[in-house]
Structures are given as structure tokens and as C-alpha cells.
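J.: Sequence below, structure please.
(2 chains)
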Amino acid sequence: MRMAHLFGRTLRDAPGDVELPSHQLMLRAGMMRPLGAGIYSLLPLGFRVVTKVEQVIREELNAIGGQEMLMPVVHPADVWKESGRYQDVGPEMTRFKDRGERDMVLAMTHEEVVTDLARQEINSYRQLPMLVYHIQTKWRDEPRSRGGLIRVREFTMKDSYSLDLDEAGLDVQYQNHWRAYERIFRRCGLRFVVVGADTGMMGGTASHEFMALSDYGEDIVLLCDACGYADNREVATFQRQGAVAEDLLPVEEVETPNATTIKALADFLGVPLARTAKAVFFKGDSGRFVFVVIRGDLEVNETKLRKAAGEGGLTAATAEEIRAIGAEPGYGSPVGTRDAFVVADESVRDSPNLVAGANRPGWHLRNVNLGRDYAADVVADIAAAEAGFPCPRCGAALRAERAIEVGNIFKLGSRYSAKFGATYLDAEGQSHPILMGSYGIGSGRVTATVVEQHHDEKGIAWPASIAPYHVSLLSLAAADDDEPVAAADRLYADLTAAGVEVLYDDRAERPGVKFNDADLIGNPVRVSVSARTLAKGEAEIKPRTATQAVFVPLAEVVPTVQRLLAELMAPLGGDPPA
RNA sequence: CGGGGAGUAGCGCAGCCCGGUUAGCGCGCAGCGUUCGGGACGCUGAGGUCGGAGGUUCGAAUCCUCUCUCCCCGACCA
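T.: Sure thing, here's the model as predicted:
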């Protein structure tokens, strides 16, 4: 591609309000442009990268037996009503009516459609297992998109769906995806970990997320370097110290002016946070008031709490709602409150004689004990794991890292097939629901995440496997000097003929501009010819991440580039260019 | 949805508080000339409904009201 006619120019400055490195760099490099909040056009350079990522995905999915297909992006609402998600999913699903006043939706995902297809196409055990996938646009009207391609409303996702006879078959496909995803992300040059995850509203029985470590990640993962334990913070657990044996002391009131936070309370009384119980108040989606009691040194994990309380969603309770159940904001405790569903963390069961609120301003109670002074409707693990907490498996200190979710795998089981009547007949003529799995990778998010992990102050440094082009070819010449241009033209032809993808900067720009743009765009190898190199019959070759360039005779450029590319590709596990 | 910030030329910004000819600067863009290995220089030039609507005023980018959009934090999130 000749850069003079490339659609999409580079920018010296990113828009001032853009902060994420990948967002800035992909805008500056001319790879994408915003159309609206969370809606982007991919320009040719960016589209080439995403296409390559998708090709990697395609190859690895095909390798585990995937059959590529294509399902629609506009769905009649009927299938969503059939699964129940038409009612369950909130405003992030866009609903509209067609001209015939029929309810329609924009696809957020494709479980419904694939299950509808499965019940039409599958009826015998002889047909299973199967694996189908597509790479298709999704629309999710997120309350807040952010960070360029990391979190958008319209995006392209590879979603695959496994169809199996039984749990054993589902396990195999789940493991196949696990391995395929590891290969995909390795080939894309991503550093990642696999963590256990919440199944969320996908339901199902198991879920893992592929998390690329990044300071700008929206998720937090907890990792154990000693034994390899890894979980999303939403589900991460930690070793508890067990019940403390201590005689239960009588409750006594203590005046605690202005001690409305747990920290202020502990400081005022001179007791450690772990000797206090804090109350946290939520209103559940069901309308119940959820009263949480947890030891003062721990934080509530809302995902765990939602499960323990059996609530689909939770919002913080208002001061009026708190007073309505007989509690007092800042001085709340479950002692003497009413009309609340009390969820206690295991920590308050195991730690006797805690300081808790007295439900009147300026006063707390010493020696409050679960069971004696108040009852809990549920006692469960609802505490958030933190860095430094003991690993649930081996006890070593956990490490916490921010991460971007680039892929996930779910066991759906019969959640959809049962509702849709997607069944097969076994060898005895018995009907069984097909067991399903669902597996997703966002190709645009993968692309942006690669940039997060592969850039420097100059620009992007693409892994060779997914770079827009293999080579940036620069002709460095004065306007009246035809020699370097002619030499670069020949190299462009030779490299292209050898199967190397070349972005040829043939613009009438000064050397500095071309160097800077080449660094910004980030193709893995740069080849330059100028009067200076031609004086010795050479070209300059420099990998994007190398500090030193090499000079080779013009005739050696093609083989040298091919060798360099092969070296750059090798650790990525992909094939070098032909 | 809550909190914060911002909409002035393709991009980055100033001007606004304290209203007053023709709305500025840098980059980019076009032309000419000089330059030519890490974002050159000179001259000339094109490019603007100052996000939109309404209002106040002799006069509004500037003041008031409403509204739209974008960004950041939070809530949310398969």
C-alpha cells in the first residue's frame, strides 16, 4: 500500500480528552475514528489488524472442529421472549418495532438464535458433538462506554457455541476452547491469565475468563504465585482464620461522638478494625432491604452478596430507607432493627465481642455477638479478597492485578436448550436436552488490549502476527533526487512479490516525519533507502523494537526481511509470511 | 442514573469572569521558493452557523434559560 493514498491520516496530537494509551495511539495512527459514544469506524490500517486477529481466531476455532456460520444482527423478539431474557435484560438491549409493529431487538449475543437453530437441525445423538461459531456485530447499549475500543457499544465478537450429548462431551469442548484461546492470545502477543469467574446472567455451571494484565483494566484478578490459584475478584475467596475462642462478654453501650466511619470508630476506641462489625445497607431488586454485617477490616463483595441474598441486583440504601428499618446511618447495627434481610459474613460469626453501632447517633455497642444479640438470615462468605490475603488453596499471600477481559468461556448446560426444546434422541429413543457451551472473544477489544501491552513513547509496536503490514518502507529523498525513490519502488515491488506486506511511505515528506509515522503505526520492520544508504548500495533495516539498525545490500533486503519476520513470528507460534 | 469536565477551522488550544469593528494562535491543508536521516523555514492563501434553540441588550463566542453531544470518575456490565 502506498501511503500517499492511504485513507486515514496520522495525527500529531490526540484529542485532548482521550486518556487511554491504546485509544490515543489508534486515533493518532489513523486506525479508527469515533462516530458516537462507544461507536467507531475502523479505518484501513485498523481494519487490517482486526481482520488478522479474527483470522487467528478462525484458524484456532477451525482446528478444534468449529464450523463458521453467520447469524443475524436483528432478531425478532420472540426468541428472546422464549428464553426469558427479553424481560430479564435491562435497557442495554435495544428494542424496537418493525413496520408491522412486531417487537424486534438488536443482537447482544446469539444464544437464542443458535438454540433456535439447534432445535431445527439437531434431532439425533448421531449428530453430536458439534461446534458452530460466527464473527458478528453485537450491540449493547452500555450505560457508559469508555476507553476507545476497550469498552464500546457496537463491537465485533467471535462467539462459538458447543452442542453436546452430555457433561463429558461439554467438558471436552470447554477444555478445547480453553486450549484454543490460549493459542489465540499467545499468537496475538498478549500476556494473560485465566481466572475463575462469575457466571452472571449467562447462567450455567462454570465460567472462566481470559484476562490480559493491564493497568487500565476494568477488572481485578487475584493471583497466587505459589500455587497458581487465579480468580476474578468477583468470586475470589481467601483463607479464613477460623473461629476465635473467647468468652462472650456482656453488651455495653459506649459514647462515640462523630465516629460515623469504621476507621474513625476504631481510632476513637483504640481497637483494631478487626474488632469491629460494620453494617452496610442495600436495597435489593426484589424490594427487600438487605442488611449486611461484616467485620470492619473486610469489604463487601457485591457479587458474592447478590448470590447469598438471592438478589439479581443491589443498590445502596438511602438514609431514609435505613432509618425506616430502625437503623441509624453511621451508627448502624443489626441489633434491634426490623424488616431487613440480614446477611452476615463468616467473619462476624467467627469473631466474638465486636464493636457495632447502637442505632442512635453518637453511640456504639461493645461485645456484640451474632446469635446472642441478633440473628442473621444467611451467614456466608461475602467478603472481598484483597492483595496480601492468604490464598484459599495454599495460604501464600495473594497478588491483585488489574486486567482486561479479552475472552470468556461458559458452560451453559441445558439452560437454553430446555426452554427451547432443543433436544436429541439417544440410542434408546429417549429425548434429552442438548448441553451447550458459549465462548466469546471481542476482536476489537483484543486489538486495543494488544496496543496497551505493546507500545512505547513513540507509538505502537505490533506483534508481527497481527501488524497492519509487515514492513514500513521509507523512501528518504530530496524532491529532486529520483534515486532513492526508484530504489524504494523496486524494493516495494520485490518485497510484495515475495509475499511481504508493505506499507510504502512514498509521500513527499521529510525523513523525520516518515520515521515518526512509522514508529507511530508500529509495523514490526522498517526498511529505509536514501542517498546515504545507496552510496554503498544498501538499505537500512530496523525492527520496531530494536535499538540498532542493520545495513544490507539491496539484493539482500528481501531475504533479510523474511528472516527477521520469521524470528519475530516464531515466539508467537504463527506462520511467517509465505 | 449520580458527580466532575469540555464543546470556538481537520487536530491542539486562547478569547468568555469584566458584552463593543472583520473571532485569534500553533499544527495540519493549498500555492511558490529555499531545505532534505528523527515531526524544517520564508512568503501567500483557503478554511468558522463560536454545539443547538430561545431570551436579555442598541450590540452576544462572552450574560440568562432550556437542550444536544463528547470525555473522565462512580453506579452498571454476558
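
J.: Show the pLDDT at the residue lying closest to A:Asn301 once chain neighbours are set aside.
T.: Spatial nearest neighbour of A:Asn301, excluding adjacent residues (C-beta to C-beta, 6 or more residues apart in numbering): A:Ala384 at 3.9 Å. Heads up, the C-betas are built off the backbone N, CA and C, glycines and all. With respect to pLDDT, A:Ala384 has a value of 91.

J.: Just give the number of residues close to A:Ala230.
T.: Per other C-beta atoms under 10 Å, the neighbour tally for A:Ala230 reads 21.

J.: contacting residues around the residue nearest to A:Asn301?
T.: A:Ala384 makes contacts with A:Arg233, A:Ala236, A:Leu298, A:Glu299, A:Val300, A:Asn301, A:Lys304, as judged by C-beta atoms under 8 Å, 6 or more residues apart in numbering.

J.: Generate a PyMOL selection restricted to the buried subset of those residues.
T.: Those of the contacts of A:Ala384 that count as buried under 16 or more other C-beta atoms under 10 Å are selected in PyMOL with:
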select buried, chain A and resi 233+236+298+300+301+304
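
J.: So which of the contacts of A:Ala384 is the closest to RNA strand B?
T.: A:Arg233 (10.0 Å; C-beta to the nearest atom of the strand).

J.: What residues does that closest one make contact with?
T.: A:Arg233 neighbours (C-beta under 8 Å, 6+ apart): A:Asp219, A:Ile220, A:Val221, A:Leu222, A:Asn301, A:Ala384, A:Ala385, A:Ala400.

J.: The nearest residue to A:Tyr416 once chain neighbours are set aside and A:Leu435: what is the separation?
T.: In space, and not counting its chain neighbours, A:Tyr416 is closest to A:Thr115: 4.3 Å by C-beta to C-beta, 6+ apart. A:Thr115 sits 12 Å away from A:Leu435, going by C-beta to C-beta, to the nearest Å.

J.: what is in contact with these two at once?
T.: Common neighbours of A:Thr115 and A:Leu435 (C-beta under 8 Å, 6+ apart) are A:Ser417.

J.: Partner strands of the longest strand along chain A and their direction?
T.: Ranked by residue count, the top strand of chain A under DSSP state E comes out as strand A:399-413. Strand A:399-413 pairs in its sheet with strand A:206-213 (antiparallel), strand A:219-223 (antiparallel), strand A:435-442 (antiparallel), by DSSP bridges.

J.: which parts of the first one are buried?
T.: Buried residues in strand A:206-213, defined by neighbour count with 16+ other C-beta under 10 Å: A:Ala206, A:Ser207, A:His208, A:Glu209, A:Phe210, A:Met211, A:Ala212, A:Leu213.

J.: quick one: the third one and A:Ile409 touch, right?
T.: Put plainly, it is A:His208. Yes: if you go by C-beta atoms under 8 Å, A:His208 and A:Ile409 touch, sitting 5.3 Å apart.

J.: Can you name the residues of the stretch 301-450 of chain A sitting close to RNA strand B?
T.: A:Glu302, A:Gly313, A:Leu314, A:Thr315, A:Asn408, A:Gly440 (C-beta under 7 Å from any atom of the strand).

J.: Just want the residue of the stretch 401-550 of chain A that's nearest RNA strand B.
T.: Closest point on the stretch 401-550 of chain A to RNA strand B, by C-beta to the nearest atom of the strand, is A:Gly512, at 2.5 Å.

J.: what's the neighbour count on that residue?
T.: 9.

J.: And A:Gln562, by the same measure?
T.: 19.

J.: Touching, it and A:Ala498? I think so.
T.: Yes: counting by C-beta under 8 Å, A:Ala498 is a contact partner of A:Gln562 at 6.7 Å.

J.: Nearest to A:Gly330 among the contacts of A:Arg233?
T.: A:Ala384 (21.5 Å; C-beta to C-beta).

J.: roughly how far apart are that closest one and A:Ala63?
T.: Taking C-beta to C-beta, one finds A:Ala384 at 39 Å from A:Ala63.

J.: can you pull the contacts of A:Leu554?
T.: Contact partners of A:Leu554, counting by C-beta under 8 Å, 6+ apart, are A:Ala487, A:Arg490, A:Leu491, A:Val529, A:Gly537, A:Glu538, A:Ala539.

J.: Looks like the last one contacts A:Arg490 (just checking).
T.: Read that as A:Ala539. No: between A:Ala539 and A:Arg490 there is no contact under C-beta under 8 Å: 10.3 Å.

J.: Same drill for those two, tell me which one is more crowded.
T.: Remark: of A:Ala539 and A:Arg490, A:Ala539 carries more neighbours, 28 against 13, as counted by other C-beta under 10 Å.

J.: A strand includes the more buried one, no?
T.: Yes: the assignment for A:Ala539 by DSSP: H, G, I helix; E, B strand; the rest coil puts it in a strand.

J.: Give me the distance between it and A:Trp139.
T.: 47 Å.

J.: now do A:Ala277
T.: Taken as C-beta to C-beta, the span from A:Ala277 to A:Trp139 is 45 Å.

J.: Can you pick out the residue with more neighbours from those two?
T.: Per other C-beta under 10 Å, whichever of A:Ala277 and A:Trp139 has more neighbours is A:Ala277, with 29 against 20.

J.: between the buried residues of strand A:206-213, which is nearest A:Gly459?
T.: A:Ala212 (19.6 Å).

J.: isn't that closest one right up against A:Glu452?
T.: Yes: the pair formed by A:Ala212 and A:Glu452 meets the contact definition of C-beta under 8 Å, at 7.5 Å.
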